[in-house]
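[1] Sharing a model that was predicted from the sequence below.
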Amino acid sequence: MILKPNANVLISGCGGGFDFFCGSPIGLELEKQGHKVVYSSLTFSNLGCVVRPIRVSDGVVLVDENSRSSDGYFPEKVFCDWYKRAYGKSGCSRSSLI
């Protein structure tokens with residue numbers, strides 16, 4: 001498949017946690033090529049435990065390296081922390097409540 005220049009691309013997971021990490025090498029390469037990549041996850045994280053959530057729409061929360069949760073299971077936050085450390089910029093993802 002050939003993408004148009006500066007295409008918008010969604011990398012998403014729906015397997016219960018860290019599966020969307022597997023799409024990150026593709027996403028990172030597409031970012032290098034100038035595409036806008038958004039990472040998302042149909043999460044098993046308890047989004048009700050997110051402290052001061054930024055709600056994008058019903059059942060969708062924006063997660064970035066500044067997000068906090070009172071629950072210990074939060075792979076989307078782990079991804080954002082890693083992305084910020086590795087690339088020096090925000091790796092926001094969108095998490096959908098199931």
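    Cool, the structure landed.

[2] for the chain, what's the longest strand?
    strand 36-43 (DSSP state E).

[3] If I follow the layout properly, H35 ends up in contact with L10?
    No - using C-beta atoms under 8 Å, H35 makes no contact with L10, being 10.8 Å away. Yep, even glycine has a C-beta here, placed from its N, CA and C like the rest.

[4] between those two, who's got more neighbours?
    Set side by side, H35 and L10 show more neighbours around H35, with 16 against 12, by other C-beta atoms under 10 Å.

[5] Taking strand 36-43 as reference, get the angle to the biggest helix by length in the chain.
    As assigned by DSSP state H, the longest helix anywhere in the chain is helix 75-87. Going by axes from the mean of the first three to the mean of the last three C-alpha atoms, to 10 degrees, helix 75-87 is angled at 150 degrees with respect to strand 36-43.

[6] If you average the pLDDT over helix 75-87, what comes out?
    Helix 75-87 carries an average pLDDT of 87.

[7] Counting by contacts, list what that helix packs against.
    strand 36-43, strand 60-63, strand 93-97 (3 or more C-beta pairs under 8 Å, 6 or more residues apart in numbering; DSSP states H and E).

[8] Out of those, the one nearest G72 is which?
    For G72, the closest of these is strand 36-43, at 13.9 Å, according to C-beta to C-beta.

[9] and S12, helix, strand or coil?
    strand (DSSP: H, G, I helix; E, B strand; the rest coil).
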